[in-house]
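Peer 1: Dropping the sequence and predicted coords here.
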Amino acid sequence: MASIIKFTALSGAKDESPPCYLLEIDDFCILLDCGLSYNLDFSLLEPLEKVAKKIDAVLLSHSDTTHIGGLPYVVGKYGLTGTIYGTTPVLKMGTMFLYDLYENKMSQEEFQQYSLDNIDSCFGEDRFKELSFSQHYSLSGKGKGISITPYLAGHTIGASVWKITKGTYSIVYAIDYNHRNEGHLDSLQLTSDILKPSLLITDSKGVDKTLAFKKTITRDQSLFEQINRNLRDGGNVLIPVDTAGRVLELLLCIENYWSKNKGLNLYSVVFLGRFSFSVCQFARSQLEFMSSSASIKFEQNIENPFTFKHIKILSSLEELQELPDTNKVILTSSQDLETGFSRELFIQWCSDPKTLILFTQKIPKDSLADKLIKQYSSSTGRGKCIEIVQGSRVPLAGDELRQYEMEQAKEREEKRLEQLRKEQEEREERERLEEEEREQLLNATNQDQLQQLLQLQIQKERGIIDDSMVHMKNPFDNDRFDLLDSEFKKQSMITMFPYFEKHLKWGEYGEEDDELIQRNQDKKVEEVTMEEDEVQEQEIPKKIITQTLRLPINCKIQTIDYEGCSDGRSIKAIIQQISPNKLVLIRGSEQQSQSIETYVKENIRTKGIYIPSIGQQLDLTSDTNVYELLLKDSLVNNLKTSKIMDYEVSYIQGKVEILDGSNVPVLDLIQSTPINNNNNNNNNNNNDNDSTIITTTNGHDESFIGDIKLSDLKQVLVNAGIPVQFDQGILNCGGLVYIWRDEDHGGNSIINIDGIISDEYYLIKELLYKQFQIV
């Protein structure tokens, strides 16, 4: 039977909220992305609470917070335990995104929604499965029969278009892809594997977008002109960027531009971030996921494109202040000015009319960056003040510091006493066990001795024991060996028997010496105490304070599109090229989704277009039933197959039967039926026994499998020397033959051919038939 396919939008439906979707294939649950909004609205993840524990797998398409930001929260709070799948760059850069977000939030407030341990648990080796592009991975357990494959999507390093397959049903999940090649990334690759899927899940966000620059080189020139002009006018340039995504394209472009213009060495270019060193290190190690041009450059020059010579990589504002007092170009997170060093530098520089703040990515609605752009674009907004609430950590001082130190000292003392108490309890327990063993052994020894004496007495009475040696001298008959137990003790000597074995403690590495362990523990406690004292001396305790600032906006604000996502025209063309059987539109306003829906209905044959709401469950089960059968060898040997994409198709007439002792149905050929045609009559005396055997076969209507565009058919006819004109959807072949396309009620394509019976008609018909597999 066909698999039951259900789809539920948990977030990111009929709006541009972060993507988070539940895909159910029979009883196997897959979570597609788990994003978080710029303002960290965790209420968007509440629908996940009910289904988190039944999720078996998570597929991550991109590494930024918009696609994975909610994952640590769901793992830590809701108990998600499913395996997480993604490419290696998604693992590496995703970790950097979440680390940076956590540290930025902690510098402004007491962020308690999730911890660094929750982030590590998401990307641990036992939880995260790394895949490469085009790597087919078959699931096991409940997911047996399901395979997943990531394909290059562009936009950010390691970004993936996912293909999920079970049997003949294929699902393609493609969001935030890019159709253009860039400096460090190639474009979306529409391979034959992701064309004509049973279901396409894609976003309508950006369908109304038009590219400001037709070529990336023109876009780069515009960026450099703005930066160059502002630097020469004596101002700094602040470029708010993400942590480890689109910033790589900007870094590569700026590095190349600076290397070609030696005069720009007077100015400093800085990539500032708490994890900027790690981001660049990971980028240098992930060239296999980058563009072919980046790989060729590395092979030709034996130089990694992300080994920067003109860009300084810094991790703190203190390091930035130590640079020479020259104009600077600073790239730092976050791109919306809500957190991070970009917000702090904005507060410092916004009043300077020479400063340029250059936004290169799409800004979230209602963020600080969005408010700035709207205010600056207004003719009356320039020069006005903007009010923000800024949190920061400041060192404790005075009574607060003394109180903190007293509390810390009290906690350390309590920990020390607790440790001593545990050690004392362990020591007493060991002594108790030794004493019990000693008593048990002593009792057993006394009983054995008494039993032996009784046996000797009985043997002596029965005359079994020979007394002939009684009067012989005992070699041990001297004062030393004839001492009683009490006399042994008086002489400070230890009796040899009974022997009490000391209770040994066994650990992971064998026998443990109590004295040695105690000495090591005492030494360890001393070292820990010294380390704590050193940490206390180095780390000054801090607290969070918030203040409301009124900032005059005198700086210049500009935008330039480095988003790296497809525009509306390209989105429609890509959907048409993929040509899905069913289409689900997510992320984007209703107007954007309706725009794509109208286009698809006019240009593509589909059996369903769905625009779900949040929480709405779609039943996308295929109308076709699929059965699994065993094929007999006699049937397989007689098959005549036709190669169609990844499948071999054949038409057979057979019968299904279940053999004795098996529950698996078997398909076998229907044997031909013999007919005995006996022409035996009274007038024919010579051929009374003659008969003719006739076998009957049932024919079938031919099926044309495949598809061809009329524009492609036109080129085939032209190459064959047939004059063709294409007018209003009809191919006019020399005025003799006409070809056009229709659809039946089920949405199936019908190609009509009509014309005058002639040699040309049969030639055109033959050429048309060759474009299909006829079964």
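Peer 2: Here it is on my side, so go on.

Peer 1: Tell me the pLDDT of residue 671.
Peer 2: As predicted, residue 671 sits at a pLDDT of 66.

Peer 1: nope, residue 428 is what I was after
Peer 2: At residue 428, the pLDDT value in this model is 88.

Peer 1: In the stretch 351-500 of the chain, where is pLDDT below threshold?
Peer 2: Along the stretch 351-500 of the chain, the parts satisfying pLDDT under 70 run over 379-381, 437, 440-500.

Peer 1: any idea where the strands of it begin and end?
Peer 2: With strands called from DSSP state E, counting those that start in this stretch, the stretch 351-500 of the chain shows them at 356-359, 385-395.

Peer 1: now, of these, which is deepest in the fold?
Peer 2: Mean neighbours per residue, mean count of other C-beta atoms under 10 Å, is largest over those for strand 356-359, with a mean of 23. Placement of C-beta: from N, CA and C, glycine included.

Peer 1: closest one to residue 566 among the strands of the stretch 351-500 of the chain?
Peer 2: Nearest to residue 566, of all those, is strand 356-359, at 19.9 Å by C-beta to C-beta.

Peer 1: what's the closest one packed up against?
Peer 2: helix 216-232, strand 237-240, helix 368-377, strand 556-559 (3 or more C-beta pairs under 8 Å, 6 or more residues apart in numbering; DSSP states H and E).

Peer 1: worst average pLDDT in those?
Peer 2: What stands lowest among the helices and strands packed on strand 356-359, in mean pLDDT terms, is helix 368-377, with a mean of 89.

Peer 1: low-confidence ranges in the chain?
Peer 2: Residue ranges of the chain with pLDDT under 70: 1-2, 379-381, 437, 440-518, 521-539, 623-626, 644-646, 661, 671-699, 744-748.

Peer 1: Excluding chain neighbours, what is closest to residue 545?
Peer 2: residue 394 (5.6 Å; C-beta to C-beta, 6 or more residues apart in numbering).

Peer 1: ok, now which ones touch that neighbour?
Peer 2: By C-beta atoms under 8 Å, 6 or more residues apart in numbering, residue 394 lies in contact with 542-543, 545.

Peer 1: So which of the residues you listed sit within helices?
Peer 2: With helices taken from DSSP state H, there is no overlap with those.

Peer 1: Turn these into JSON lines, including neighbour count.
Peer 2: Shown next, in JSON lines, are the contacts of residue 394 (neighbours: other C-beta atoms under 10 Å):
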{"residue": "542", "neighbour count": "13"}
{"residue": "543", "neighbour count": "14"}
{"residue": "545", "neighbour count": "10"}
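
Peer 1: Let's have those residues in TSV, adding distance to residue 116.
Peer 2: Below are the contacts of residue 394 laid out as TSV (distance: C-beta to C-beta, whole Å):
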residue	distance to residue 116
542	18
543	20
545	24
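
Peer 1: Closest one of those to residue 586?
Peer 2: Residue 586 has its nearest neighbour among the contacts of residue 394 in residue 545, at 41.5 Å by C-beta to C-beta.

Peer 1: Surely that closest one is in contact with residue 391?
Peer 2: Yes. Contact criterion C-beta atoms under 8 Å: residue 545 and residue 391 qualify, at 7.1 Å.

Peer 1: Which residue comes closest to residue 354 once chain neighbours are left out?
Peer 2: Nearest one to residue 354, counting by C-beta to C-beta, 6+ apart, is residue 235 at 3.1 Å.

Peer 1: Is that neighbour in a helix, a strand, or coil?
Peer 2: coil (DSSP: H, G, I helix; E, B strand; the rest coil).

Peer 1: what's near enough to touch it?
Peer 2: So residue 235 contacts 327, 352-356, 556 (C-beta under 8 Å, 6+ apart).

Peer 1: From residue 401, how far out is the residue nearest to residue 545?
Peer 2: From residue 394 across to residue 401, the span is 11 Å (C-beta to C-beta, to the nearest Å).

Peer 1: what's the answer for residue 115, then?
Peer 2: Taken as C-beta to C-beta, the span from residue 115 to residue 401 is 26 Å.

Peer 1: same check, this time on residue 613
Peer 2: Where residue 401 is concerned, residue 613 sits at a distance of 54 Å (C-beta to C-beta).

Peer 1: Between those two, which has more neighbouring residues?
Peer 2: residue 401 (14 against 10; other C-beta atoms under 10 Å).

Peer 1: How about that one, nearest residue that isn't a chain neighbour?
Peer 2: Nearest non-adjacent residue to residue 401 (C-beta to C-beta, 6+ apart): residue 541, at 6.8 Å.

Peer 1: Around residue 403, how many other residues sit close by?
Peer 2: Residue 403 has 11 nearby residues by other C-beta under 10 Å.

Peer 1: meant to ask about residue 182, not that
Peer 2: 24.

Peer 1: Quick check: it touching residue 564?
Peer 2: Yes. The pair residue 182 / residue 564 is scored as a contact, 6.4 Å apart, by C-beta under 8 Å.

Peer 1: Next up, the contacts around the closest residue to residue 78 other than its chain neighbours.
Peer 2: Spatial nearest neighbour of residue 78, chain neighbours left out: residue 52 (3.7 Å); criterion: C-beta to C-beta, 6+ apart. Residues near residue 52 by C-beta under 8 Å, 6+ apart: 74, 78-80.

Peer 1: Distance check, residue 52 against residue 319.
Peer 2: Relative to residue 319, and taking C-beta to C-beta, residue 52 is found at 41 Å.

Peer 1: Residue 339 too?
Peer 2: For residue 339, the distance to residue 319 (C-beta to C-beta) stands at 19 Å.

Peer 1: cool, residue 559 as well?
Peer 2: Relative to residue 319, residue 559 is positioned 29 Å away (C-beta to C-beta).

Peer 1: more crowded one of the two?
Peer 2: When residue 559 and residue 319 are compared for neighbours, residue 559 comes out ahead with 17 against 13, by other C-beta under 10 Å.
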